[in-house]
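Participant: sharing a model that was predicted from the sequence below.
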Amino acid sequence: KDRKKAVVTHIPRDVWADSYKINAIYNLQGPDAIKDQIQKITGQRPDRIIRIDFDAFVWGVDGLGGITVNVPRAFVDEGYPDDRNGNNEAMTIEFEQGEQVMNGETALIYARSRKGTNGEGSDYARGVRQQIIMEVVIRDFFKPGNMFNPKTAKTLYDIATQKLYTDINLKDTEVLFEVIKNYSSISVKRISLDTTNFLEVPLDSNAYGGAWTLIAKNNDYTSVHRAIWDALK
């Protein structure tokens, strides 16, 4: 309740969610259904949802004048989808290790890539990169001159009115304002869900429509719930 600690995590797209993989639940069953599944997996029910698309992601990063990302390790992805340029063929992308400024499209590529070399070729690695991007965007939003820059304000307005879905209401902004005001005092921890800790591949895929999927180890998400609560203590 003191809002001094936060946990950032992601749920891999192949996690089984009763009838479908979890990445299909929102489109097929709606916001309440995805909240149900997130509560089942994490033990935390989302109060609100923010849904953002690729265009809004790019606009947001460019509206900040780019973001500075310290890339933990270099990688090459020769199978990156060139769909943003209207092509069906794959393209090759490459990132060097170390600190670098990324514009919106580059940051999107970094966040989307899932076939990279050097240990970056998985949904798990992509999830970690997405967590890094989210933290960097918050940090760079508060750079001197950014927060109250008219250009930044217009970008955020365009995102909120054109490219974003949320069930946040006006009363929620009172809570959000306090969080934003005190963001630098919040301790943030990352927890990843993968087959080294909480998840496993089922032995029999027939029970899951023949799809390659992920389930909780021992069919029990209690360990995930406990890890999140422990991080918030």
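Facilitator: Everything's here; your move.

Participant: C-alpha only now, for contacts and for neighbours.
Facilitator: Noted.

Participant: reduced to three states, what does the spatially most central residue of the chain come out as?
Facilitator: Centroid-nearest residue in the chain, with C-alpha atoms, centre = their mean: Q130, separated by 4.8 Å. Taking DSSP: H, G, I helix; E, B strand; the rest coil as the rule, one finds Q130 in the helix state.

Participant: that one touches I109, doesn't it?
Facilitator: No. With contacts counted by C-alpha atoms under 8 Å, Q130 stays clear of I109, the gap being 10.5 Å.

Participant: could you export the helix or strand hosting S223 as CSV, CA atoms only?
Facilitator: In this assignment (DSSP states H and E), S223 forms part of helix 222-232. C-alpha atoms of helix 222-232 as CSV (Å, rounded to 0.1, in the frame of the first residue of the first chain):
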residue,chain,number,x,y,z
THR,A,222,1.7,-21.0,-6.5
SER,A,223,5.5,-20.6,-6.8
VAL,A,224,4.9,-17.6,-9.2
HIS,A,225,2.5,-16.1,-6.7
ARG,A,226,5.0,-16.5,-3.9
ALA,A,227,7.9,-15.0,-5.9
ILE,A,228,5.9,-11.9,-6.7
TRP,A,229,4.8,-11.4,-3.1
ASP,A,230,8.3,-12.0,-1.8
ALA,A,231,9.6,-9.3,-4.2
LEU,A,232,7.0,-6.9,-2.8
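
Participant: buried ones in it?
Facilitator: Neighbour-count burial for helix 222-232 flags T222, S223, V224, H225, I228 (criterion: 16 or more other C-alpha atoms under 10 Å).

Participant: contact partners of that helix?
Facilitator: With contacts defined as C-alpha atoms under 8 Å, 6 or more residues apart in numbering, helix 222-232 is touched by K5, A6, V7, I41, T42, G43, Q44, K189, I191, F198.
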